[in-house]
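1. Turn this into a structure:
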Amino acid sequence: MARPQDLPEKIRLDKWLWAARFFKTRSLAADEIDKGRVKVNGQVAKASREPRLGDEIEFKSGYSSRTVIVRGLSAVRGPAPQAALLYEETPASVLARTQAAEWRRLAPEPAHTLSQGRPTKRDRRQLSDWNQTGTPRQWNDRWSASLDE
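-> Take a look at the predicted model:
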């Protein structure tokens, strides 16, 4: 952990979130802050806000929300073990993330199971034909000019 004299005097919130490796780029962190998705001590924050030791930061990361407490300040993005020393995640946040991961594992989003895109017009016709008769029909079977049907 950095000593107090090694800590930067001022650091922007978006830069701290980037340095703590919560966002891949500083601009992504700034975008999330601008959209009002990042709160510091319960209040919506601006990108230029300066986090202080002990501040509680809430933000959405991936599929779930995270709440972390600032334990260190850094303006440079280092390796993950070093970045993990900059914050401490609250126990409630850890529990909520693990529960959300378990829910996603047990009941996945149906749209994520699709391996292909929408069916083509030809695919829809074949499905429709299959559903109506149980076997695919030929083109001439669909149209009949005879009056006896």
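
2. For I57, see how far away A100 is.
-> 19 Å (CB to CB, to the nearest Å). Quick note: C-beta positions are derived from backbone N, CA and C, even for glycine.

3. er, Q82 actually
-> The separation that Q82 has from I57, given CB to CB, amounts to 18 Å.

4. P91 too?
-> 16 Å.

5. neighbour count winner among these two?
-> Remark: of P91 and I57, I57 carries more neighbours, 22 against 9, as counted by other CB atoms under 10 Å.

6. Which helix in this protein has the most residues?
-> When the chain is scanned for its longest helix (criterion: DSSP state H), the result is helix 91-106.

7. Let me see the mean pLDDT of the following helix or strand past it.
-> Following helix 91-106 in sequence order, the next helix or strand is helix 121-133 (DSSP states H and E). For helix 121-133, mean pLDDT rounds to 80.

8. May I have helix 121-133 exported as PDB, CA atoms only?
-> Only the C-alpha atoms of helix 121-133 are listed here, as PDB (Å, rounded to 0.1, in the frame of the first residue of the first chain):
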ATOM      1  CA  LYS A 121     -37.700 -16.300 -45.200                       C
ATOM      2  CA  ARG A 122     -37.000 -19.800 -46.600                       C
ATOM      3  CA  ASP A 123     -36.400 -21.200 -43.100                       C
ATOM      4  CA  ARG A 124     -39.700 -19.700 -41.900                       C
ATOM      5  CA  ARG A 125     -41.600 -21.200 -44.800                       C
ATOM      6  CA  GLN A 126     -40.100 -24.600 -44.200                       C
ATOM      7  CA  LEU A 127     -41.000 -24.400 -40.500                       C
ATOM      8  CA  SER A 128     -44.500 -23.300 -41.300                       C
ATOM      9  CA  ASP A 129     -44.900 -26.200 -43.800                       C
ATOM     10  CA  TRP A 130     -43.500 -28.700 -41.200                       C
ATOM     11  CA  ASN A 131     -45.800 -27.500 -38.500                       C
ATOM     12  CA  GLN A 132     -48.900 -27.800 -40.700                       C
ATOM     13  CA  THR A 133     -48.400 -31.200 -42.100                       C
END
